[in-house]
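>>> Sequence and predicted model, in that order:
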Amino acid sequence: MKEIILALVGGMVVGLLFKFIKLPLPAPPVFSAVVGVFGVYFGGVVYDWLIRVLQS
């Protein structure tokens, strides 16, 4: 849980800094893009799990 909170705070600091110096945000502009990034991560986790299950 600590890692999640630190990631959120770090992201907020970066977002505030980018807006302050008037740069575009370094993040996907829509929620579906964020969900897509989560899907890529989750797919990698599932792959690792499948490899462990099939090798045992």
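Noted; the coordinates are in hand. Residues are numbered from 1 along each chain as shown.

>>> rest of the way, CA atoms for contacts and neighbours
Fine.

>>> hey, where'd the helices end up in the protein?
Taking DSSP state H as the criterion, the chain contains helices spanning 2-20, 31-55.

>>> Check which residues of the shortest one are buried.
The one in question is helix 2-20. When burial is assessed from 16 or more other C-alpha atoms under 10 Å, helix 2-20 yields the following buried residues: Gly15.

>>> Distance from it to the middle of the chain?
12 Å (C-alpha atoms, centre = their mean, to the nearest Å).

>>> now swap in the longest one and tell me
Here helix 31-55 shows a centroid-to-chain-centroid distance of 12 Å under the convention C-alpha atoms, centre = their mean.

>>> can you put the helices of the chain in CSV and add mean pLDDT?
Formatted as CSV, the entries for these read as follows, by pLDDT from 0 to 100:
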stretch, mean pLDDT
helix 2-20, 88
helix 31-55, 89
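
>>> Give me the outermost residue of this structure relative to its centroid.
Ser56 (30.4 Å; C-alpha atoms, centre = their mean).

>>> Now do the same contact list for that residue.
Taking C-alpha atoms under 8 Å, 6 or more residues apart in numbering as the contact definition, Ser56 lies against nothing.

>>> what about Leu25, how many neighbours?
13 (other C-alpha atoms under 10 Å).

>>> and the gap between Arg52 and Tyr41?
Taking C-alpha to C-alpha, to the nearest Å as the criterion, Arg52 is separated from Tyr41 by 17 Å.

>>> Met12 now?
Where Tyr41 is concerned, Met12 sits at a distance of 21 Å (C-alpha to C-alpha).

>>> Kindly report the same for Ile5.
Here the criterion is C-alpha to C-alpha. By it, Ile5 lies 18 Å from Tyr41.

>>> cool, and Lys2?
Lys2 is 19 Å from Tyr41, where distance means C-alpha to C-alpha.

>>> before we move on, what about Leu8?
Distance of Leu8 to Tyr41, computed by C-alpha to C-alpha: 17 Å.

>>> Ala27 now?
Taking C-alpha to C-alpha as the measure, Ala27 and Tyr41 are separated by 16 Å.

>>> about what we covered before: tell me the pLDDT at the residue farthest from the centre of the chain?
At Ser56, the model reports a pLDDT of 80.
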